[in-house]
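>>> quick one, what's the 3D model for this:
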Amino acid sequence: MCVLLISGKSKEAEIKRINKELANIRSKFKGDKALDGYSKKKYVCKLLFIFLLGHDIDFGHMEAVNLLSSNRYTEKQIGYLFISVLVNSNSELIRLINNAIKNDLASRNPTFMGLALHCIANVGSREMAEAFAGEIPKILVAGDTMDSVKQSAALCLLRLYRTSPDLVPMGDWTSRVVHLLNDQHLGVVTAATSLITTLAQKNPEEFKTSVSLAVSRLSRIVTSASTDLQDYTYYFVPAPWLSVKLLRLLQCYPPPEDPAVRGRLTECLETILNKAQEPPKSKKVQHSNAKNAVLFEAISLIIHHDSEPNLLVRACNQLGQFLQHRETNLRYLALESMCTLASSEFSHEAVKTHIETVINALKTERDVSVRQRAVDLLYAMCDRSNAQQIVAEMLNYLETADYSIREEIVLKVAILAEKYAVDYTWYVDTILNLIRIAGDYVSEEVWYRVIQIVINRDDVQGYAAKTVFEALQAPACHENLVKVGGYILGEFGNLIAGDPRSSPLIQFNLLHSKFHLCSVPTRALLLSTYIKFVNLFPEIKTTIQDVLRSDSQLKNADVELQQRAVEYLRLSTIASTDILATVLEEMPPFPERESSILAKLKKKKGPGTVTDLEEIKKERSSDMNGSAEPTSVNASAVSTPSPSADLLGLGAAPLTNSAPPPSSSGSLLVDVFSDSASAVAPLAPGSDDNFASPDLASSEVVSEEPADTVHDADELFHKFVCKNNGVLFENQLLQIGLKSEFRQNLGRMFIFYGNKTSTQFLNFTPTVICSDDLQSSLNLQTKPVDPTVDGGAQVQQVVNIECVSDFMEAPILNIQFRYGGTFQNLSVKLPITLNKFFQPTEMSSQDFFQRWKQLSNPKQEVQNIFKAKHPMDAEITKAKIIGFGSALLEEVDPNPANFVGAGIIHTKTTQIGCLLRLEPNLQAQMYRLTLRTSKEAVSQRLCELLSEQF
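Coordinates of the predicted model:
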């Protein structure tokens, strides 16, 4: 049959042949004539082969179980193989299978015992653990058990302990299993070491006697010649796998207290380091791989113990030789190990001697993962003596660094500049340079922090004001620089106002020239700066009031900007000089606390990484004063939570500690993890979240089985048509939040994935999928996310969007991950819709109707009459039309009850004008929506999207 299938001409021919064979096997099993053992084995083997080809098998299980009672090895082997592959833990046959396994384990036949133990380990179910967890340890430590069976028993017990640790009893056998490290058979020792290492991680006290035995066995291996362990020598390296396992076992414990054992271990480690210096005994790559595997594990043990200065320095020197090795993997491992060595007081100076080599690797290395480890090592080896050199090299590299690691480099540069700043003017210059080079990757925490430092250091305030003023004069400034400049000049602009080149009016005009280019949160901050200027510079009060009084501010579509303009104008008009000075006084120093940038880097890299280890260095610098983020105590602070802030409230510090609290008028996103409706997490002001459903947790639940369907979650998807922030999807495992911004034909979306469970998500892979038609119309660039999401944690993904031409579909966000051993697969529509690229256009009544008549071609107009799905409230209707993207034109339609809008859809290739008219009929509870654009498909799509909103 195998030959026929291999030589088959097509898939159809294969299926036809298999169906014929299955029918034949079924008839044989159901026939009146009893089958002998050989025939059963043959047909069960065929079923197994068919299953491995990818076809379902729904019979033959009982025949496989019957084979287990055979006394022939080949028949029993096929039976166990079939059960290991096709029988699941919920099968009704488990009891029969367990009985057969018990008989084989009791038979004392080593071949049958091995088959039974392999089956238990392969299935590894909880039922198996309940049945055999007490029996297998007895087999393992029994004196008459064969070596091959001991190996299988140790690995089988290890498998059961990993799947059901609560069912494996600790008892007398635990002390006896330790002595297997002295067994003469190295295969038994290797299997036992794997088991003891796993057990010792959970119960170190019960297995601490294994340390002296492990050292003794390791010493015998390391000092032996390759000919002494001929059966276990791999390319002239004696027992490399066992050596690595023993070294890992020793890493479960501190250095031995017994001087004799400690001395013997030190001798072993020195011998391993010495052998690394010897000429290779073979040019084969297998020899170098085995030799280096033992070496790196020995270095890991030296680092773990961190008690022998001589060994630490020797390990560092050995790793330094690998930094220029032609093998990429060795360079990577050397950099990674040296990052840990840099945290030791004994080896830190030795690591620093390799700084030029590491910098050269950063510049010349082709592999991005090696460059990232080089950045980590530079960060770890940094201290006061080399901080300026390392920061300068990191800034140089940042200009050409891979996008995936830029944010991390930015955080590290910001931390090092702050931690080792002797001259605070250098710190200010570094951060401003950082914003200039990689402004898109400078998170809110970074510019919050520079403001804290400047406010808390009187000696740097004047220099900071002068420097940001000069930086703002560049024709193109990043928005983060405008934020820093607005804040610092609002507080300390008076310190440079005496210079005619930076007079109050020049400062104001410079900031205001950036106003129209900024996002809403930054504009809000600049308005706060303007009211600060009213207090600092009374001579330009009239100029500022004129700006606040303009229609673009008082009638701004954004509620936050409008409210600030109204309140600041009123404050500057009615308040006396003394009241203004009190309300708008300079920000007080911030209290001392852990740097929020360091906290973010720790969260990004995870526990136990170099960000934690580097704090153990003996040479530490005292932290600068101040750590809390700027808050809205005074008017100059503005509510602008970071796009990378904890949007969904998953396991992060309260936002009041990491970002300014929102204005009372700012919109709110309901905290779906709170039982109380009053627990909320702030969003950026003006997020247009005016009509979010309070029941955001009612989204469709994803099955825990693999699924290929797209979860529309239509209700929530359509709500994103008129807003940019909120929860897109939620089930019992995962919550997906969005925060996005669009300008003309460009946009950026921050996707937040929140793990609602206490268990890690593994192999977490979100992918944005576009159809062939959509790929030509929409250009999406996504940044990768960490494949592991800890329980209660949240990761962020950034999607950069460019609209090339008009489009009808929405991209699909597919998310795959493993949760508790189960594969999860879900897909949701990503709310990137055509109206997101709307730019509002103001028109007079005459211009509107003139343009309306020009678009009178029947193909340019789409009209829809539909029943109202929601209460017909005029204010909500206005908010939705504005949120849709068009300008709401007042007093244009002769009927004041109608709503009229105008805007332009911006794409890379063209601009499409759009006019809309919405006519409500309150009595009939109906709407008539009419859209006219220059393209029929655009009119149709916009009409579909907007009709769903009312």
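
>>> where are the low-confidence patches of this protein?
Along the chain, segments meeting pLDDT under 70 span 1-9, 89-90, 225-228, 230, 592-716.

>>> show me the domain layout of it.
715-832, 835-948 (the TED database).

>>> which residues touch stretch 71-85?
With contacts defined as Cβ atoms under 8 Å, 6 or more residues apart in numbering, stretch 71-85 is touched by 37-38, 40-41, 44-45, 47-48, 51-52, 60-61, 64-68, 70, 97, 104, 111-112, 115-116, 118-119, 122-123. Just so you know, the C-beta spots here come from the backbone N, C-alpha and C atoms, and that holds for glycine as well.

>>> count the neighbours of K33 for me.
Using other Cβ atoms under 10 Å, K33 has 7 other residues around it.

>>> is it in a helix, a strand, or coil?
coil (DSSP: H, G, I helix; E, B strand; the rest coil).

>>> start the count at 30 instead of 1 going forward.
Okay, residue one is now 30; in that scheme the one you just asked about reads as K62.

>>> can you pull the phi/psi pair for it?
Here the main-chain torsion angles of K62 (degrees, to the nearest 10) amount to phi -80, psi 130.

>>> so how far is L406 from it?
With distances taken as Cβ to Cβ, to the nearest Å, K62 is found 73 Å from L406.

>>> rewinding a little: using CSV, lay out the domains of the chain together with mean neighbour count and distance to L271.
Shown next, in CSV, are these (neighbours: other Cβ atoms under 10 Å; distance: least, Cβ to Cβ, whole Å):
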stretch, mean neighbour count, distance to L271
domain 744-861, 19, 29
domain 864-977, 17, 61
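
>>> any chance of JSON lines for those domains, columns distance to N425?
As requested, these are exported to JSON lines (distance: least, Cβ to Cβ, whole Å):
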{"stretch": "domain 744-861", "distance to N425": "22"}
{"stretch": "domain 864-977", "distance to N425": "33"}
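
>>> quick one, which of the ones you listed is nearest to V479?
The closest of the domains of the chain to V479 is domain 744-861. By Cβ to Cβ, the value is 22.0 Å.

>>> which one of the domains of the chain lies nearest to A162?
domain 744-861 (19.0 Å).

>>> of the contacts of stretch 100-114, just the buried ones, PyMOL syntax please.
Buried subset of the contacts of stretch 100-114, written as a PyMOL selection, criterion 16 or more other Cβ atoms under 10 Å:
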select buried, resi 66+69+70+73+74+76+77+89+90+93+94+95+96+97+99+126+133+141+144+145+147+148+152
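
>>> sitting in strands, which of the contacts of stretch 100-114 do you find?
With strands taken from DSSP state E, there is no overlap with these.

>>> pull out the buried positions in the one helix or strand I168 maps to.
Using DSSP states H and E, I168 maps to helix 165-170. Neighbour-count burial for helix 165-170, counted by 16+ other Cβ under 10 Å, picks out 165-166, 168-170.

>>> the closest residue to H383 other than its chain neighbours: neighbour count?
Leaving aside its sequence neighbours, H383 sits nearest to G349 (Cβ to Cβ, 6 or more residues apart in numbering; 4.8 Å). Residues contacting G349 under the criterion other Cβ under 10 Å number 17.

>>> ok, N462 next?
N462 has 17 neighbours, counted by other Cβ under 10 Å.

>>> which residues touch it?
Counted by Cβ under 8 Å, 6+ apart, N462 has contacts L424.

>>> could you dump the helix or strand containing it to CSV, C-alpha only?
If you go by DSSP H and E, N462 is part of helix 453-467. Below are the C-alpha coordinates for helix 453-467, written out as CSV (Å, rounded to 0.1, in the frame of the first residue of the first chain):
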residue,chain,number,x,y,z
TYR,A,453,23.4,68.3,33.6
THR,A,454,23.8,70.4,30.5
TRP,A,455,25.1,67.3,28.8
TYR,A,456,21.9,65.4,30.0
VAL,A,457,19.7,68.1,28.4
ASP,A,458,21.7,68.0,25.1
THR,A,459,21.5,64.2,25.0
ILE,A,460,17.8,64.0,25.5
LEU,A,461,17.1,66.7,22.9
ASN,A,462,19.4,64.9,20.5
LEU,A,463,17.6,61.7,21.2
ILE,A,464,14.2,63.3,20.3
ARG,A,465,15.8,64.7,17.1
ILE,A,466,17.2,61.4,16.0
ALA,A,467,14.3,59.0,17.0
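
>>> quick one: list the elements packing against whatever helix or strand comes next after that helix.
Using DSSP H and E, the helix or strand that follows helix 453-467 in sequence is helix 473-485. Contact here means 3 or more Cβ pairs under 8 Å, 6 or more residues apart in numbering; DSSP states H and E; on that basis helix 473-485 packs against helix 432-448, helix 453-467, helix 487-501, helix 508-521, helix 625-634.

>>> deepest-packed of those helices, please.
helix 508-521 (a mean of 26; mean count of other Cβ atoms under 10 Å).

>>> got the angle between it and helix 487-501?
If you take axes from the mean of the first three to the mean of the last three Cα atoms, to 10 degrees, helix 508-521 sits at 130 degrees to helix 487-501.

>>> start to end distance for stretch 778-798?
The first residue of stretch 778-798 is 15 Å away from its last residue (Cα to Cα, to the nearest Å).

>>> gap between it and the chain center?
7 Å (Cα atoms, centre = their mean, to the nearest Å).

>>> with adjacent residues omitted, what lies nearest to K888?
Excluding the flanking residues, the one nearest K888 by Cβ to Cβ, 6+ apart is E965, at 4.4 Å.

>>> then A494?
Nearest to A494 is F521, by Cβ to Cβ, 6+ apart, at 4.4 Å.

>>> verify the contact between the one you found and Y492 for me.
No: using Cβ atoms under 8 Å, F521 is not in contact with Y492, being 9.7 Å away.

>>> what are the ranges of the helices in the stretch 780-929 of the chain?
801-806, 874-883, 903-913 (DSSP state H, counting those that start in this stretch).

>>> I'd like those laid out as a markdown table, including distance to L279.
Listed next are those as a markdown table, based on distance: least, Cβ to Cβ, whole Å:
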| stretch | distance to L279 |
| --- | --- |
| helix 801-806 | 54 |
| helix 874-883 | 80 |
| helix 903-913 | 63 |
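
>>> I438 is nearest to which of those?
Taking the helices of the stretch 780-929 of the chain one by one with Cβ to Cβ, helix 801-806 is closest: 31.1 Å.

>>> now do that closest one: distance to the chain's middle.
Helix 801-806 has its C-alpha centroid displaced from the chain centroid by 27 Å (Cα atoms, centre = their mean).

>>> same thing with stretch 41-60?
Centre to centre, stretch against its chain (Cα atoms, centre = their mean), the figure for stretch 41-60 is 49 Å.

>>> which positions in it come out as buried?
Buried residues in stretch 41-60 (16+ other Cβ under 10 Å): 43, 47, 50-51, 54, 58.

>>> now render the residues you listed as a markdown table, adding secondary structure.
Below are the buried residues of stretch 41-60 laid out as a markdown table (three-state DSSP):
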| residue | secondary structure |
| --- | --- |
| E43 | helix |
| I47 | helix |
| E50 | helix |
| L51 | helix |
| I54 | helix |
| F58 | helix |
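
>>> now these in a markdown table, please, with extra columns for distance to Q892.
Listed next are the buried residues of stretch 41-60 as a markdown table, based on distance: Cβ to Cβ, whole Å:
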| residue | distance to Q892 |
| --- | --- |
| E43 | 55 |
| I47 | 57 |
| E50 | 62 |
| L51 | 59 |
| I54 | 65 |
| F58 | 67 |
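
>>> returning to that earlier point: hmm, the residue nearest to H383 is touching T382, no?
Yes: in this structure, G349 is within contact of T382 by Cβ under 8 Å, at 7.5 Å.

>>> show residues contacting stretch 959-975.
Against stretch 959-975 from outside (Cβ under 8 Å, 6+ apart): 747, 750, 835, 837, 862-864, 881, 884-885, 888-893, 910, 913, 934, 941-948, 958.
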